[in-house]
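Student: Sequence and predicted structure below; questions after.
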Amino acid sequence: MERMKNMLKPKPNPQQQLRDWQRRLRQECRNVERQIRDIQREEKSVQKAIRDAAKRNDMGSAKSLAKEIVRSRQTVNRLYENKAQLNSISMHLGETVAISRTVGHLSKSAEVMKLVNNLMKAPEVATTMQEFSKEMLKAGVIEETVNDTIDLALDTEDIEEETEEEVDKVLTALAGETAAELPEAVRKEKLKQPAMGEGSAEDGAIAEGADDEEELEEIRARLAKVRS
């Protein structure tokens, strides 16, 4: 019975579909903007924690938290890219609907299909874009595509090296003066501490200063939550 109702229900015209899609795309952009603000707000508390760790000569914790800042900034950059692509989809959909007024139906858009496929690989908006993909496929705007798996192992070493450079920049900016006051041998030893154990490296980095361990774990948990 429900299936029969759906079959008899009039299909929305292209203009109605466009307005609905663009409304939802704007909402998704607002969600992305809110997540960016949340991450940037949490980063300020992490910056303070890094300075505090440096003042008590706990450079292991400082470096561990600097890594969290680097990860957060990478997430923010990715979110800005997601937002730009969401806006591009909205623009190209407008062009597609304009063409439909001439030809009488929605035409396929290779550019929309490419953008939707890219965003389906972005963890922050993947679920939403999967829903869009089904609707646009049904409306004839895109063709069915198969997501290519991304080989993350290709540039792993380059990415890790670049991340280490970014971590050093964060440390220099936030704790440079304090770190510079430490003897060279002590500074190097303290910076090596996070690498003591694979998988639990960051936990090992904050073993020193047990009174601060709970606070640092709480900071990490908050950052992980806003990045997810």
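Tutor: Arrived safely.
Student: hey, which helix or strand in this protein has the poorest pLDDT?
Tutor: Sorting the helices and strands of the chain by mean pLDDT, DSSP states H and E puts helix 201-205 at the bottom, at a mean of 45.
Student: and after that helix, which helix or strand comes next?
Tutor: helix 210-227 (DSSP states H and E).
Student: Can you point out the buried residues in that following helix?
Tutor: Neighbour-count burial for helix 210-227, counted by 16 or more other C-beta atoms under 10 Å, picks out 212, 216, 219-220, 222-223, 226-227. Any C-beta I mention is one placed from the backbone N, CA and C, and that applies to glycine too.
Student: Model confidence for the residue nearest to Arg101 when sequence neighbours are not counted, exactly?
Tutor: In space, and not counting its chain neighbours, Arg101 is closest to Pro14: 7.8 Å by C-beta to C-beta, 6 or more residues apart in numbering. For Pro14, the model assigns a pLDDT of 72.
Student: returning to that earlier point: any chance of the buried residues of helix 210-227 in a markdown table, with distance to Gln22 and pLDDT too?
Tutor: Below are the buried residues of helix 210-227 laid out as a markdown table (distance: C-beta to C-beta, whole Å; pLDDT from 0 to 100):
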| residue | distance to Gln22 | pLDDT |
| --- | --- | --- |
| Asp212 | 48 | 64 |
| Leu216 | 43 | 73 |
| Ile219 | 38 | 79 |
| Arg220 | 38 | 76 |
| Arg222 | 33 | 80 |
| Leu223 | 32 | 76 |
| Val226 | 27 | 77 |
| Arg227 | 27 | 76 |
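Student: mind listing the helices for the chain?
Tutor: 2-8, 14-55, 59-103, 110-119, 126-139, 156-180, 184-192, 201-205, 210-227 (DSSP state H).
Student: which of those helices has the lowest average pLDDT?
Tutor: Among the helices of the chain, helix 201-205 scores lowest, at a mean of 45.
Student: hang on, the earlier thing: right, and out of the buried residues of helix 210-227, which lies closest to Gln85?
Tutor: Arg227 (18.8 Å; C-beta to C-beta).
Student: Touching, that closest one and Arg73? I think so.
Tutor: No: counting by C-beta atoms under 8 Å, Arg227 does not reach Arg73; the two are 10.5 Å apart.
Student: Tally up the residues packed near the closest residue to Gln85 other than its chain neighbours, please.
Tutor: Spatial nearest neighbour of Gln85, chain neighbours left out: Leu115 (5.0 Å); criterion: C-beta to C-beta, 6+ apart. Counted by other C-beta atoms under 10 Å, the residues lying close to Leu115 total 23.
Student: Glu164 too?
Tutor: Neighbour tally, Glu164, other C-beta under 10 Å: 13.
Student: if I look at it, how far off is Gly60?
Tutor: 15 Å (C-beta to C-beta, to the nearest Å).
Student: Over to Arg73?
Tutor: Counting by C-beta to C-beta - Arg73 and Gly60 are separated by 21 Å.
Student: Ok, Ile99 next?
Tutor: Ile99 is 59 Å from Gly60, by C-beta to C-beta.
Student: okay, those two: which has more neighbours?
Tutor: Gly60 (25 against 14).
Student: so how far is Arg51 from the more buried one?
Tutor: 15 Å.
Student: Next: Lys44.
Tutor: In terms of C-beta to C-beta, Lys44 sits 11 Å off from Arg51.
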